[in-house]
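Q: Whatever this is, show me its structure:
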Amino acid sequence: MEFIKKAQTTAESRSENVRETVQSILHDIEIRREAAVQELAQKYDRWEGEFILGADKKARLIASVPQSVKDDIVFAHEQVRNFAVAQRASLHEFEVQNFPGVRLGQRIIPMDVAGCYVPGGRFAHVCSALMSVATAKAAGVPCVIACSPPRGDSIDPALAFALDLAGADIILEMGGIQAIATMAFGLFTGKPANILVGPGNAYVAEAKAILAGSGRCGIDVFAGPTESAVIADASADPMTVAIDLVSQAEHGYDSPVWLFTDSRELAMNVLRLMDLYIEDMPNPEVPRNAWRDYGEIILCADREEMRQVSDLYAAEHVQVMARDLAWWQHNLKSYGSLFLGEGSTVPHGDKCSGTNHILPTKKAGYYSGGLNVHKFLKIYTYQEISTEANKTISAVASRLSRVEGMEGHARACDWRLEKYFPGEEWDFHVYRHPRHES
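A: Predicted structure coming up:
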């Protein structure tokens, strides 16, 4: 492969400075709890009001949202919720009998409390609210707590409408590390979250990772800067490719966008068009820096090499503008979400087509998909073994326990054989590994 354009830098992993700062703040909140959160909210958001969004204030915010905006949010909610409901229906409880007298089964139990973080900053992330809260509700989570930083004296009114529509049970006007800790520890609500989901800045992502690593709760995925890749062959329209790359570069200064192609002509045309289209943006600074520092165009020998490069990068979003879409759908293996054909652009998935836009970054697509209904469900198994089935199951388990050197396990099985089948002889084939003798 050949780099037509190579990134000047690579996305940094979590810095030790960020980790140390987050650990210190989390420790302080765990000890001083609500008092620490109030201080942080005042310091970073200049917030001194109530954190829980009350019914009257919520009603006023929702009333200020134009009906046309509400209609679009309702449409997006329907698509996201319907897809999540279909995901939930794809997973079933079941019971099987693999061996006579052995009853095995699977139970599906929703989380008790889900904490959904909706970022603030430069954008009002209305669609992120739908992606997390509606998906949790489709999974059957009885209590969903949502946090988002206030913008002035409230959260964004359209965001308040989206959270209410999606079914958030409690809405907190709060952002940053303190919001993540509040949901994890159950501050102000008395309801600690089983799982924390949603994108955020480096500090929010680090707080989620630390809390998950400590066993406090689960998380969706570790979310870094947004990543997007386009796979395009000679049949693709260079202008469409360039427009779509810029659309994702506007996320942030450190948002990588990549083009993988087997057409030199397409690569050179896209390279020329990128600068022109970036400068035509209302605020070109962000996409200009993202493209300069993190953007890449890689020329490949053929579609198989394009596939290999794409799977190596495991981008959060992968768009395919190439012939034989079925081949790409079948053969690509590592990505967050896949967009097939020129008619499918990442903003469709980001906003309203129905699939979830909270997706793995930093090559987490190697081992995980994005946020989905299953993340909010606990999959439990159970078993019941009859007396008669113990004749086989206990005998085999006893012998295998001794193969592993676990005498206590073996005796638990031996006891059932002696209790249920008194007087019978058992050949346990006692196995002694040399290390067990010592």
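Q: Could you pull out the strands in this structure for me?
A: For the chain, strands defined by DSSP state E occupy the ranges 2-5, 94-99, 102-110, 113-117, 143-148, 170-173, 195-197, 218-219, 228-232, 257-261, 296-299, 317-321, 337-340, 377-385.
Q: Can you convert those strands into a markdown table and add a column each for mean neighbour count and mean pLDDT?
A: (Glycine included, C-beta is placed from N, CA and C.) As requested, the strands of the chain are exported to a markdown table (neighbours: other Cβ atoms under 10 Å; pLDDT from 0 to 100):
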| stretch | mean neighbour count | mean pLDDT |
| --- | --- | --- |
| strand 2-5 | 14 | 94 |
| strand 94-99 | 10 | 96 |
| strand 102-110 | 15 | 97 |
| strand 113-117 | 30 | 98 |
| strand 143-148 | 27 | 98 |
| strand 170-173 | 24 | 98 |
| strand 195-197 | 27 | 97 |
| strand 218-219 | 21 | 95 |
| strand 228-232 | 26 | 98 |
| strand 257-261 | 27 | 98 |
| strand 296-299 | 21 | 98 |
| strand 317-321 | 27 | 98 |
| strand 337-340 | 20 | 97 |
| strand 377-385 | 12 | 96 |
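Q: Out of the ones you listed, which is closest to residue 354?
A: strand 337-340 (11.0 Å; Cβ to Cβ).
Q: so what strands line up beside the closest one?
A: strand 317-321 (parallel) (DSSP bridges).
Q: can you list contacts of the strand it pairs with?
A: If you take Cβ atoms under 8 Å, 6 or more residues apart in numbering as the criterion, strand 317-321 is touched by 226-233, 235-237, 240-241, 244, 248, 310, 328-329, 332, 335-342, 344-346, 349, 359.
Q: What of stretch 305-315?
A: Against stretch 305-315 from outside (Cβ under 8 Å, 6+ apart): 1, 227-229, 231, 233, 256, 258, 260-262, 298, 300, 318, 322, 328, 331-336, 360, 363-366.
Q: tally of neighbours for the residue nearest to residue 370 when sequence neighbours are not counted?
A: Of all residues not flanking residue 370 in the chain, residue 359 sits nearest, at 3.7 Å (Cβ to Cβ, 6 or more residues apart in numbering). Residues lying near residue 359 (other Cβ atoms under 10 Å) number 27.
Q: same check, this time on the one 4 residues further on
A: The burial metric for residue 363, expressed as a neighbour count using other Cβ under 10 Å, is 16.
Q: where does the closest residue to it other than its chain neighbours land on pLDDT?
A: Using Cβ to Cβ, 6+ apart and skipping residues adjacent in sequence, the residue nearest residue 363 is residue 314, 4.4 Å away. Looking at residue 314, its pLDDT reads 96.
Q: before we move on, what about residue 8?
A: On pLDDT, residue 8 comes in at 88.
Q: swap in the one 4 residues further on?
A: Confidence at residue 12, expressed as pLDDT, is 56.
Q: Ok, residue 225 next?
A: For residue 225, the predicted pLDDT is 86.
Q: I'd assumed residue 361 was in contact with it.
A: Yes - look at residue 225 against residue 361 with Cβ atoms under 8 Å: they come within range, at 6.8 Å.
Q: which stretches of the stretch 1-150 of the chain aren't confidently modelled?
A: In the predicted model of the stretch 1-150 of the chain, residues 10-16 satisfy pLDDT under 70.
Q: which residue ranges form the helices in it?
A: 16-32, 34-45, 55-63, 67-89, 126-129, 135-139 (DSSP state H, counting those that start in this stretch).
Q: Distance to residue 221 and mean neighbour count added to those, as JSON lines?
A: Compiled in JSON lines, the helices of the stretch 1-150 of the chain are given as follows (distance: least, Cβ to Cβ, whole Å; neighbours: other Cβ atoms under 10 Å):
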{"stretch": "helix 16-32", "distance to residue 221": "17", "mean neighbour count": "15"}
{"stretch": "helix 34-45", "distance to residue 221": "25", "mean neighbour count": "17"}
{"stretch": "helix 55-63", "distance to residue 221": "30", "mean neighbour count": "14"}
{"stretch": "helix 67-89", "distance to residue 221": "16", "mean neighbour count": "16"}
{"stretch": "helix 126-129", "distance to residue 221": "14", "mean neighbour count": "26"}
{"stretch": "helix 135-139", "distance to residue 221": "13", "mean neighbour count": "26"}
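Q: With residue 276 as the reference, name the closest of the ones you listed.
A: Of all those, helix 126-129 sits nearest to residue 276, with 28.6 Å by Cβ to Cβ.
Q: Which elements pack onto the closest one?
A: Helix 126-129 sits against helix 157-166, with contacts defined as 3 or more Cβ pairs under 8 Å, 6 or more residues apart in numbering; DSSP states H and E.
Q: Please give the centre-to-centre distance between the helix it packs on and its chain.
A: Centroid separation between helix 157-166 and its chain, computed with Cα atoms, centre = their mean, to the nearest Å, is 21 Å.
Q: I appreciate the help and will end here.
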